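**Q** Here is a sequence together with a model predicted from it:
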Amino acid sequence: MDRDLTVSEVLVDPLIAQLRKADLIGNAAFAQLMESAARIHARRSIDTLGEERVSAFYCAIEAANRAESCVR
């Protein structure tokens, strides 16, 4: 498989359903767990993206300042 399963796909996957049943985890509880994990993952991805953009911004400013000082 070239991509991760969506939450909807995980909830209907037959193998995951067998594991859930063996662990006595209900559909609603598992759906809530998956949705919570997806929210946490999205929040962390946004935070990481923000940090990368801030870093790139300051690198660009630093490079511009260096180029400006070479011209003087």
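**A** Yes, it's here.
**Q** what's the helix or strand of the chain with the lowest mean pLDDT packed up against?
**A** Least confident helix or strand of the chain, by mean pLDDT, DSSP states H and E, is helix 27-71 with a mean of 85. The contact analysis (3 or more C-beta pairs under 8 Å, 6 or more residues apart in numbering; DSSP states H and E) places helix 27-71 against helix 7-12. For glycine as for every other residue, the C-beta is placed from the backbone atoms N, C-alpha and C.
**Q** The helix it packs on packs against which elements?
**A** helix 27-71.
**Q** distance of Ile46 from Pro14?
**A** To Pro14, Ile46 is 33 Å away according to C-beta to C-beta, to the nearest Å.
**Q** So if I had to pick from these two, which one is more boxed in?
**A** In this view Ile46 and Pro14 are compared by other C-beta atoms under 10 Å, and Ile46 has more residues nearby, 10 against 7.
**Q** and the more buried one, how far is that from Arg39?
**A** With C-beta to C-beta as the criterion, Ile46 and Arg39 are 11 Å apart.
**Q** Identify the residues contacting Ile46.
**A** With contact set as C-beta atoms under 8 Å, 6 or more residues apart in numbering, Ile46 has no partners.
**Q** so who does Ala42 touch?
**A** For Ala42, no contacting residues are found, by C-beta under 8 Å, 6+ apart.
**Q** Going forward, count from 703.
**A** Noted, 703 is the first residue going forward, which turns the last one into Ala744.
**Q** separation between it and Leu717?
**A** From Ala744 to Leu717 the distance is 25 Å (C-beta to C-beta).
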